[in-house]
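> next comes the sequence, and after it the predicted model I'd like to discuss.
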Amino acid sequence: MGKPLIVVLGAGLGGTIASYEIKAAVKGRADVMTVSDTDTYSFIPSNPWVAVRWREPEAIQVHLPPVFAKKKIGFTSVGAKRLHAHEKRLELNDGTSITYDYLVIATGPDLAFDEIEGLGPHGGHTVSVCQTAHAAAAADAFDVFVENPGPIVVGAVQGASCYGPAYEFALILDTELRKRKIRDKVPMTFVTAEPYIGHLGLDGVGDTKGLLESELRDRHIKWITNARVNKIDAGVMHVEEVNEDGSVKKAHDLPFGYSMLLPAFRGVPAVSNIEGLTNPRGFIIVDKHQRNPAFPEVFALGVCVAIPPTGPTPVPVGVPKTGFMIESMVTAIAANLAAILEGKEPMAEATWNAVCLADFGDGGVAFVAQPQIPPRNVNWASSGKWVHLAKIGFEKYFLRKVRKGESEPFYEKLAMHAMGIRKLRF
């Protein structure tokens, strides 16, 4: 018999580092193969910079095939069509299949633009920074906008679970518009499903409410919270502001010349609607060892994992899966697969801590949540120009690690050095 095969489905932030770390952890006792729908890794946290041309797409991307070949990790960019979990078989888009012994799902999300009429870059009226190609298209739209400036609306719709990039992009736009000396011609509104500014899907971290409200206020950005986006027409967004009991407090028709709204997420079609594997939104159900209870040979990490909200909110608000949290899931899965191959039971658990550097172009906000879901042992936030510099350093550090195929943890080391919080134990 040959070696067991571990397949990693996805080659984004989680899937790429999972492939490296699992390969190192199993020490030759199993083969590792990565299945992706692209041969290019993109550093998604830099997408807001791409959308204002502070970065070109190529600067934040890594061509994966030679890196995987060097690490002796199998790789295909054909993409997955459907998981047949009962057969331990992954059907690919070219009609072929891969039979696995263990599967690690790290697909990231499906972007649910279609759930709101007029939302998104594909036939809608808003741009996106969710993918690097979206951000490049957003940069083209911004070039057109600045020739005839008008109102801007930025934010995140109901059901969204990733709020940091919305705040980042609003404030990066503000910085860029001031550099161009046209900020006075651009009224800006931040629209969010969050019950308050700085909630972030985490019920706040430290004083993110005060810090982010202050940033928006100082930069003359108005906001609407508890917002439900009903429809987006060309140049007009129809938004309902909701009371605590869910009733409509006020209807807003917001004119815009440029808009970026983050969508809700759901599971990708290849793994959705599999009984026992996913919840109704298509997210993967896992236990404390990142393992699916119905299919114990299947593990999952990152945005595709099902996590309940921190509590009820008038408008649905999801929980983000931040980079540090994803990294801890990767480390746990690698350790658990190594244990299984040694005939032991999986014991490792992800820490699910959060470290976030939110760049605002000329400053920013950083926060640490240990663990990410409250109540917490560490609940800390700070702001300053140092965050912008730390984010630049973070980008360079992480891309260098991906290019080298290194498996050591990235986020913990960078957080402890760049943020100057070495005394915190993660």
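Here it is on my side, so go on.

> all helices for the protein, in order.
Along the chain, counting by DSSP state H, helices occupy 13-26, 47-50, 64-70, 132-147, 164-179, 208-218, 323-341, 385-404, 411-418.

> to residue 276, which of the ones you listed lies closest?
Ranking the helices of the chain by proximity to residue 276 (Cβ to Cβ) places helix 323-341 first, at 19.0 Å. In short, each C-beta sits where N, CA and C put it, glycine included.

> counting contacts, what elements does that closest one pack onto?
helix 13-26, strand 102-105, strand 298-300, strand 354-359, helix 411-418 (3 or more Cβ pairs under 8 Å, 6 or more residues apart in numbering; DSSP states H and E).

> who's in contact with the shortest one?
Where contact means Cβ atoms under 8 Å, 6 or more residues apart in numbering, the residues beyond strand 298-300 that reach it are 85, 102-106, 277, 284, 286, 289-292, 333, 336-337.

> ok, back up a step: could you identify which of the helices and strands packed on helix 323-341 is most buried?
strand 298-300 (a mean of 29; mean count of other Cβ atoms under 10 Å).

> quick check: domain ranges of this structure?
5-111+266-351, 113-264 (automatic domain parsing).

> and the first one, how far out from the chain middle?
So the one you mean is domain 5-111+266-351. The gap between where domain 5-111+266-351 is centred and where its chain is centred comes out at 13 Å by Cα atoms, centre = their mean, to the nearest Å.

> how far does that domain stretch from start to finish?
As for domain 5-111+266-351, its first-to-last residue distance stands at 27 Å under the measure Cα to Cα, to the nearest Å.

> how about the shortest one?
The distance separating the two terminal residues of domain 113-264, taken as Cα to Cα, comes to 7 Å.

> distance between it and the chain's centre?
Distance of domain 113-264 from the chain centroid (Cα atoms, centre = their mean) equals 17 Å.

> what does the average pLDDT come to for it?
For domain 113-264, the mean per-residue pLDDT is 97.

> list the contacts for residue 290?
299, 300, 301, 305, 329, 332, 333, 336, 350.

> redo that, cut-off 10 Å
Residues near residue 290 by Cβ atoms under 10 Å, 6 or more residues apart in numbering: 104-105, 284, 298-301, 305, 328-334, 336-337, 346, 348-350.

> repeat that for residue 158.
So residue 158 contacts 115-116, 192-193, 226-230, 240, 242, 263-264, 313-318 (Cβ under 10 Å, 6+ apart).

> same thing with residue 230?
116, 117, 118, 157, 158, 237, 238, 239, 240, 251.

> filter these down to just the ones in strands.
The strands, defined by DSSP state E, take in 237, 238, 239, 240, 251 from these.

> filter those residues down to the buried ones.
Among the ones in strands among the contacts of residue 230, those buried by neighbour count (16 or more other Cβ atoms under 10 Å) are 237, 238, 239, 240.

> select, out of the domains of the chain, the one closest to residue 365.
Across the domains of the chain, closest to residue 365 is domain 113-264 (Cβ to Cβ), at 5.2 Å.

> isn't residue 248 up against residue 228?
Yes - assessed by Cβ atoms under 10 Å, residue 248 is found in contact with residue 228 at 8.4 Å.

> who's in contact with residue 69?
75, 405.

> report pLDDT for it.
Reported pLDDT for residue 69: 97.

> what's the answer for the one 5 residues further on, then?
We have a pLDDT of 98 for residue 74.

> just give me the neighbour total for it.
17 (other Cβ atoms under 10 Å).

> also residue 38?
The number of residues near residue 38, taken as other Cβ under 10 Å, comes to 14.

> ok, now how distant is it from residue 67?
Distance, residue 38 to residue 67, by Cβ to Cβ, to the nearest Å: 14 Å.

> kindly report the same for residue 111.
With Cβ to Cβ as the criterion, residue 111 and residue 67 are 26 Å apart.

> same deal with residue 53?
Residue 53 is 27 Å from residue 67, by Cβ to Cβ.

> and these two? Which one has more around it.
Comparing residue 53 with residue 67 by other Cβ under 10 Å, the one with more neighbours is residue 67, at 19 against 14.

> since that was my last question, I'll sign off now.
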